[in-house]
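**Q** Fold the following for me, if possible:
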Amino acid sequence: MLQDGFTYIANVDFSSVVIDQMKKKYTDDWYKEMHRRLREERKLKDVENNNSKTALNRTKLSDSSPARKEFKKKPVHNKMTFQCLDVTKKLEFDDQSFDLIICKGMLDAILCNTNALVDKVKSMMSECHRVLDKEHGVMVVISYGRPEDRLECFDAAHWREVKTFTVPKPMVPGMMDVGAEHYVYILFKRA
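**A** The predicted structure follows:
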């Protein structure tokens, strides 16, 4: 997502172990390498788009020139943040602070707990709705749950439209087959 231009990515998980693993994986060295690759991709795109004059100007600058130093200083993207939070409680984000939420397995994990699941799901969905931008907020939910089991989780008062897609699940040799597909639900925020 950083490579596609998203400038603020907050990764949230209930597990502090997962958050610690992500922090260790995405170190300053990882960001430096990603930024280097993105700069190279920019140069290639400039050439591919018949904008070679810009690409040549960038590559001809000496390392000591003020323009080269300025180009190197500009961050390509911001870093990601990693936070251990309970999404069924009030989140530490301002109202309308996100354009997009990707929920990969979070809803399924909450639904695994049979205690007060209706309240927990409502709480999670309300918080996600609160932090999404009112003009163009979108939530993508990736789930094992079939539409007949999941659509009831998406309160029509919060979402102006819900699109459902079926995605074939890749089969891994030696793994138990728990279903032939995943489901992707795309929820568009109601203002």
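**Q** Show me the contact partners of the host helix or strand of Val17.
**A** Per DSSP states H and E, Val17 falls inside helix 16-25. By CB atoms under 8 Å, 6 or more residues apart in numbering, the surrounding residues in contact with helix 16-25 are 11, 13, 82-84. For glycine as for every other residue, the C-beta is placed from the backbone atoms N, C-alpha and C.
**Q** how about a cut-off of 6 Å?
**A** 11, 13, 82, 84 (CB atoms under 6 Å, 6 or more residues apart in numbering).
**Q** Any idea how far that helix is from the middle of the chain?
**A** Distance of helix 16-25 from the chain centroid (CA atoms, centre = their mean, to the nearest Å) equals 16 Å.
**Q** What of stretch 10-19?
**A** 13 Å.
**Q** Can you point out the buried residues in the longest helix belonging to the chain?
**A** Looking across the chain with DSSP state H, the single longest helix is helix 28-48. By 16 or more other CB atoms under 10 Å, the buried positions in helix 28-48 come out as 31, 34-35, 43, 46.
**Q** Between helix 16-25 and it, find me the angle.
**A** If you take axes from the mean of the first three to the mean of the last three CA atoms, to 10 degrees, helix 28-48 sits at 60 degrees to helix 16-25.
**Q** now for helix 28-48, which elements pack on it?
**A** Helix 28-48 sits against helix 52-60, with contacts defined as 3 or more CB pairs under 6 Å, 6 or more residues apart in numbering; DSSP states H and E.
**Q** Report the buried members of the contacts of helix 16-25.
**A** Using 16+ other CB under 10 Å, the buried members of the contacts of helix 16-25 are 13, 82.
**Q** now the contacts of helix 16-25 in CSV, with secondary structure and pLDDT?
**A** Below are these laid out as CSV (DSSP: H, G, I helix; E, B strand; the rest coil; pLDDT from 0 to 100):
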residue, secondary structure, pLDDT
Asn11, strand, 89
Asp13, strand, 89
Phe82, strand, 91
Cys84, strand, 93
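**Q** What is the nearest of the contacts of helix 16-25 to Ser97?
**A** Asn11 (14.5 Å; CB to CB).
**Q** mind listing what that closest one touches?
**A** Asn11 neighbours (CB under 6 Å, 6+ apart): 22, 80, 82.
**Q** if you skip the residues just before and after it, what's nearest to it?
**A** Leaving aside its sequence neighbours, Asn11 sits nearest to Phe82 (CB to CB, 6 or more residues apart in numbering; 4.8 Å).
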